[in-house]
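Okay, here's the prediction I keep looking at, along with the sequence it came from:
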Amino acid sequence: MQGRNLALYAAAAVLPGLCLWAAAAVVPVRSQHLPETVYKSVIAIEQAPWKWSEAKKGSLKGSVSFTGRLSAQPVVLYLQRDDAEGTFDPPAALNVSQKGARFNPSFALLVRGQKVVFDNDEDDEISHNVYFLGASEVDLGMFDRGNSREHTMSDAGEVSVHCSIHKLMDARFFVAPSPACTTLGAEDTSFALSNLPAGRYKLKSWQKQKRFKDIELAVEVVADKETSVTVEMAR
Amino acid sequence: MRALLALAVPALLLLGCASAPSRPEPAAGAAQLVVQFDGQARTGVKRAAAGSSDSYGRGQGGSGKAFAKVDYSSIDDVIVLIDRTTVAAPAVAELELDRDGFARAQYLASAAGGGPARLVIHNDTGAEAHVVGFSDEQGFEVSIAPGARAEVNVAAPGAYELTCDEVENAATIVHVTTCRSWQGESEDEAFFDDLEPGLCHVTVLAPRLPVVHRTVELAAGRRQTVVAPLTVNTLPRAGK
């Protein structure tokens, strides 16, 4: 009897709160006129059945200048086709260490379709979790020392990588639409991309730390020729 | 026993009311909104045995700063934006920059009455600092003498990524908005008063966590409560 009364009293205490919650009628939406999330959205890619391996090839080279102090953080240059993208074999899987509660490497330029393998190679019995935000938003689960988790990056764009347990365990990937991409180091003033299918592209940039306006230059890759461009990263 | 319970339950309810923030009742023609935060550790994380100082249980140790753990009961720098226009008292973003970077993962600056949003950047790096900020559309660059501060007016709303040339790891986000907004810790509640009734879109931004979007129907003379889960448990599971 006492237990039943206790339950009734508890219900009386909790029910108003439940009614309030039920009345909220929450529905997840994405509102257009609110500022977007800090994470970049997926780069839309139109896919076609033609094969990179069978296309006529050209190359692209360029000089790069920066109107300001260049970060030691990487800058990525990548091509995005004006028409539909062909199919290609992605590069080999990237292995990421988690030793010492750090992702190593903490930055990677990946290609759409490339696999990433996270290895829990801790010396001690420490579990990790991996989840992505950005172009891919998934949770790869919890896994103990000696185990690994792998994921194929099917969408292009920026992906931030985190562990839900360790608050300083972060990494950032940029997944390029195709193998037509390169990373500029702190001292680089030029780049070269070879073995590119002929066609019209946009040359675009992505910065791990955004210190300059991102570029978007129209370029044409011509079969059996080398195209030259000048890239200025300005503020 | 029954008498004891009859006294105890109202007393507990009163205690609960006493600890809740004191807020005005909603005006007859206006609505109020409270956004509460529910931080949840990822399911499957091992819990400690009673008395252990390690909240993640045996096998979740590791020494050093790198092994610092997320406290889902207290998440800093949470921002709430709702689709009601700021009419007064815009928020000024006060950014503290030192040799370790910016003090916060994200900041909030709101604009009102068609005016710009204001950012104030304090340079505590001990040297001159060149700070740049870019959204998708706009950008700015400012040089700040050591120990000085700079004011920046930003007219276009958006998420501005800020970095500093001289401090390699300095990176933060300033959300510039014309919306009614709130910034604080997840232990607190975001409270909005004097809102126009009708559908209201709520966006919750917490560092390292998925963005939470909610829609709530606000009624005149009523206070509505929305709970925003701050967790990775809402993410789809993948990988093998």
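Sure thing, it's come through. None of the values given here were measured: they were computed from a predicted structure.

Any idea what B:Ala117 is bridged to?
Taking DSSP bridges as the rule, B:Ala117 bridges to B:Val154.

hey, where'd the helices end up in the chain?
All of this refers to chain A. Taking DSSP state H to define them, one finds helices in chain A at A:2-23.

my bad, chain B
Taking DSSP H as the criterion, chain B carries its helices at B:2-19.

For chain A, give me its nearest residue in it.
Residue nearest to chain A within chain B: B:Gly239 (3.4 Å; C-beta to the nearest C-beta). The way it works is simple: take the backbone N, C-alpha and C, and place the C-beta from them, glycine included.

how many neighbours does that residue have?
19 (other C-beta atoms under 10 Å in any protein chain shown).

residue contacts, it?
Neighbouring residues of B:Gly239 by C-beta atoms under 8 Å, 6 or more residues apart in numbering or on different chains: A:Val130, A:Val138, A:Asp139, A:Leu140, A:Gly141, A:Arg149, A:Glu150, A:His151.

How about it, nearest residue that isn't a chain neighbour?
Counting by C-beta to C-beta, 6 or more residues apart in numbering or on different chains, A:Leu140 is the residue found nearest to B:Gly239 once chain neighbours are left out, at 3.4 Å.

pLDDT at the one you found, what is it?
On pLDDT, A:Leu140 comes in at 97.

same check, this time on B:Gly115
Per-residue pLDDT puts B:Gly115 at 84.

what's the burial count for it?
11.

Ok, B:Tyr160 next?
Residues lying near B:Tyr160 (other C-beta under 10 Å) number 29.

any idea how far the residue of chain A found nearest chain B lies from B:Ala238?
Residue nearest to chain B within chain A: A:Leu140 (3.4 Å; C-beta to the nearest C-beta). Separation of A:Leu140 from B:Ala238 (C-beta to C-beta, to the nearest Å) stands at 6 Å.

Verify the stated contact: the residue nearest to B:Gly239 with A:Val117.
No - using C-beta atoms under 8 Å, A:Leu140 makes no contact with A:Val117, being 10.3 Å away.

Now do the shared contacts for these two.
Joint contacts of A:Leu140 and A:Val117 (C-beta under 8 Å, 6+ apart) are A:Arg149.

neighbour-wise, which of those two wins?
A:Leu140 (22 against 13).

and the more buried one, what is it in contact with?
Contacts were defined as C-beta under 8 Å, 6+ apart; by that measure A:Leu140 touches A:Phe118, A:Asn129, A:Val130, A:Tyr131, A:Phe132, A:Arg149, A:His151, B:Arg237, B:Ala238, B:Gly239.

can you rerun that using 7 Å?
Residues near A:Leu140 by C-beta atoms under 7 Å, 6 or more residues apart in numbering or on different chains: A:Phe118, A:Val130, A:Tyr131, A:Arg149, A:His151, B:Ala238, B:Gly239.

Just the ones of the residues you listed in strands?
Among the contacts of A:Leu140, the members found in strands (DSSP state E) are A:Phe118, A:Val130, A:Tyr131, A:Arg149, A:His151.

What score does the last one have for pLDDT?
Reading off the confidence values, A:His151 has pLDDT 97.

In this structure it contacts B:Ala238, no?
Yes - if you go by C-beta atoms under 7 Å, A:His151 and B:Ala238 touch, sitting 6.1 Å apart.

Setting the sequence-adjacent residues aside, check what's closest to B:Asp76.
B:Glu185 (5.6 Å).

repeat for B:Ala111
Excluding its sequence neighbours, the residue lying closest to B:Ala111 (C-beta to C-beta, 6+ apart) is B:Ala117, at 4.1 Å.

residues contacting that neighbour?
Contacts for B:Ala117 (C-beta under 7 Å, 6+ apart) come out as B:Pro90, B:Ala109, B:Ser110, B:Ala111, B:Val154, B:Val176.

thinking again about what came up before, okay if I get the contacts of A:Leu140 as TSV plus distance to B:Pro210?
Shown next, in TSV, are those (distance: C-beta to C-beta, whole Å):
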residue	distance to B:Pro210
A:Phe118	19
A:Val130	14
A:Tyr131	9
A:Arg149	19
A:His151	17
B:Ala238	14
B:Gly239	17
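
so who does the residue nearest to B:Arg149 when sequence neighbours are not counted touch?
Excluding the flanking residues, the one nearest B:Arg149 by C-beta to C-beta, 6+ apart is B:His122, at 4.7 Å. Applying C-beta under 7 Å, 6+ apart, we find B:His122 in contact with B:Leu95, B:Glu96, B:Leu97, B:Arg149.
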